[in-house]
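S.K.: Structure, please.
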Amino acid sequence: MLIKHIVLLLLINFLHGSAFPLGKLALNSSLPPILMASIRMGIVFLCLLPFWRFEIPDKKYFLSLFGFSILMGVGVFVFMNLALYEAQTVSPIIIGAQLAIPFGVLASSLFINEGISIKKWFLIIVAFSGVFIIGFDPNLKNQVYALFLTACMALCFALSQVFARHLKNLDIKLTSSYMSLTGLIVLFIISYFVEGNSLNHIKNINPFTWLLILHSSILVTIFAHMTTFYLYRFYTVGQVLPFYSLFPIFGLVQTFLIFNEIPTLLFGIGGIIVVSSVFLLQKIK
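M.R.: Numbers count the residues shown, from 1 in each chain. Prediction:
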């Protein structure tokens, strides 16, 4: 793998890792979590609008595009923000997000009949056991709900990838445009009725929080996502995905620097189990 592509992968993981601590910073400014997710999707849509050109895909893609848009544009981001909003510490959310990989393997087996070997089953069970170990940490006893929301986020991401496989022949800018537009509309409606005073909250967003939202929208959702697909032109999924296991490391370092979170022993053990099993799970064909 070329050095410049390795640098790109490291940058992608740095950005993915930053989404969690910086997202928590934005939510700490009293910005409602669902509204923040809606604004994030709105910025993504506006950035992609010039490239979309209002193209309508073939009707055979409608169902898969709708499923992908709801799960990715709504489910992933709303559960991520709710988890960060409920969490007292960010580190467990970062590790819990790794469940997207074993969930993805299970979803592929269930919906598109991809076989799961004994080795994969073992690593899936090990990955989930690592999260359970983290959940039993006495210092995290008030964060069980946040971990549950994180698992919901990971499940939505995994299921969205099943739909994404049926959309592989479509331009990523097209699918991302529909995804972000769906997320913008659905999340704003939910926020309006659940969180209330949406327009007033938007008016009160301070400049620093806007910078954090722009970071998550443009650098994380657009740049990191698009760059990953760019690398798929040169390398197989099996060569690129193992680097995905690095983003928790970047995220934990940034969380320590921003919030001074020091992992406990149980969290460290559980985190190592989850990251290691997910890394190996992505290596097995």
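
S.K.: give me the number of residues near Ser176?
M.R.: Neighbourhood size, Ser176 [other C-beta atoms under 10 Å]: 26. For the C-beta atoms, the positions are set from N, CA and C on the backbone; glycine is no exception.

S.K.: again with Tyr145
M.R.: 12.

S.K.: Give me the contacts around the strand or helix carrying it.
M.R.: Element membership of Tyr145 [criterion: DSSP states H and E] is helix 144-165. Under the criterion C-beta atoms under 8 Å, 6 or more residues apart in numbering, residues 64-65, 67-68, 71-72, 75-76, 79-80, 82-84, 86-88, 92-93, 96-101, 103-104, 106-108, 111-112, 131, 134-135, 140, 175 lie in contact with helix 144-165.

S.K.: all helices for the stretch 101-250 of the chain, in order.
M.R.: With helices called from DSSP state H, counting those that start in this stretch, the stretch 101-250 of the chain shows them at 118-135, 144-165, 172-194, 198-203, 207-214, 225-231, 237-240, 247-259.

S.K.: Any idea which of the ones you listed has the lowest pLDDT on average?
M.R.: Set side by side, those give their lowest mean pLDDT on helix 237-240, at a mean of 61.

S.K.: Tell me which of the helices of the stretch 101-250 of the chain sits nearest to Lys283.
M.R.: helix 237-240 (7.2 Å; C-beta to C-beta).

S.K.: Tell me the buried residues in the lengthiest helix in the chain?
M.R.: For the chain, the helix reaching the highest residue count under DSSP state H is reported as helix 3-27. For helix 3-27, the neighbour count (16 or more other C-beta atoms under 10 Å) marks 5, 8-9, 12-27 as buried.

S.K.: circling back: with distance to Leu280 added, can I get the helices of the stretch 101-250 of the chain in JSON lines?
M.R.: Below are the helices of the stretch 101-250 of the chain laid out as JSON lines (distance: least, C-beta to C-beta, whole Å):
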{"stretch": "helix 118-135", "distance to Leu280": "6"}
{"stretch": "helix 144-165", "distance to Leu280": "18"}
{"stretch": "helix 172-194", "distance to Leu280": "28"}
{"stretch": "helix 198-203", "distance to Leu280": "43"}
{"stretch": "helix 207-214", "distance to Leu280": "34"}
{"stretch": "helix 225-231", "distance to Leu280": "20"}
{"stretch": "helix 237-240", "distance to Leu280": "12"}
{"stretch": "helix 247-259", "distance to Leu280": "15"}
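
S.K.: so which of those helices comes closest to Leu35?
M.R.: Nearest to Leu35 among the helices of the stretch 101-250 of the chain is helix 172-194; the distance by C-beta to C-beta comes to 4.2 Å.

S.K.: How much space separates the most centrally placed residue in the chain from Thr264?
M.R.: For the chain, Val76 is the residue whose C-alpha lies nearest the centre (C-alpha atoms, centre = their mean; 6.2 Å). Distance, Val76 to Thr264, using C-beta to C-beta, to the nearest Å: 28 Å.

S.K.: what's the answer for Leu27, then?
M.R.: From Leu27 to Thr264 the distance is 23 Å (C-beta to C-beta).

S.K.: ditto for Lys168
M.R.: In terms of C-beta to C-beta, Lys168 sits 42 Å off from Thr264.

S.K.: and those two? which has more neighbours close in?
M.R.: Ranked by neighbour count (other C-beta under 10 Å), Lys168 and Thr264 place Thr264 first, with 17 against 9.

S.K.: Ile133 versus the more buried one, what's the distance?
M.R.: For Thr264, the distance to Ile133 - C-beta to C-beta - is 11 Å.

S.K.: And for Phe51?
M.R.: 44 Å.

S.K.: The two - which one has more neighbours?
M.R.: Remark: of Phe51 and Ile133, Ile133 carries more neighbours, 18 against 13, as counted by other C-beta under 10 Å.

S.K.: element containing the nearest residue to that one once chain neighbours are set aside, please.
M.R.: Of all residues not flanking Ile133 in the chain, Gly270 sits nearest, at 3.6 Å (C-beta to C-beta, 6 or more residues apart in numbering). In this structure, Gly270 sits in helix 265-283 according to DSSP H and E.

S.K.: CA atoms only for that helix - export them in PDB, please.
M.R.: Extracted in PDB, the C-alpha atoms of helix 265-283 (Å, rounded to 0.1, in the frame of the first residue of the first chain):
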ATOM      1  CA  LEU A 265      -9.000  -1.500  34.200                       C
ATOM      2  CA  LEU A 266     -12.300  -3.100  33.200                       C
ATOM      3  CA  PHE A 267     -12.800  -0.600  30.400                       C
ATOM      4  CA  GLY A 268      -9.300  -1.200  29.200                       C
ATOM      5  CA  ILE A 269      -9.700  -5.000  29.200                       C
ATOM      6  CA  GLY A 270     -13.100  -4.800  27.500                       C
ATOM      7  CA  GLY A 271     -11.900  -2.300  25.000                       C
ATOM      8  CA  ILE A 272      -8.800  -4.400  24.000                       C
ATOM      9  CA  ILE A 273     -11.100  -7.400  23.500                       C
ATOM     10  CA  VAL A 274     -13.500  -5.500  21.300                       C
ATOM     11  CA  VAL A 275     -11.000  -3.800  19.100                       C
ATOM     12  CA  SER A 276      -8.800  -6.900  18.700                       C
ATOM     13  CA  SER A 277     -11.700  -9.200  17.900                       C
ATOM     14  CA  VAL A 278     -13.100  -6.700  15.400                       C
ATOM     15  CA  PHE A 279      -9.700  -6.300  13.700                       C
ATOM     16  CA  LEU A 280      -9.400 -10.100  13.300                       C
ATOM     17  CA  LEU A 281     -13.000 -10.400  12.200                       C
ATOM     18  CA  GLN A 282     -12.300  -8.100   9.300                       C
ATOM     19  CA  LYS A 283      -9.200 -10.100   8.300                       C
END
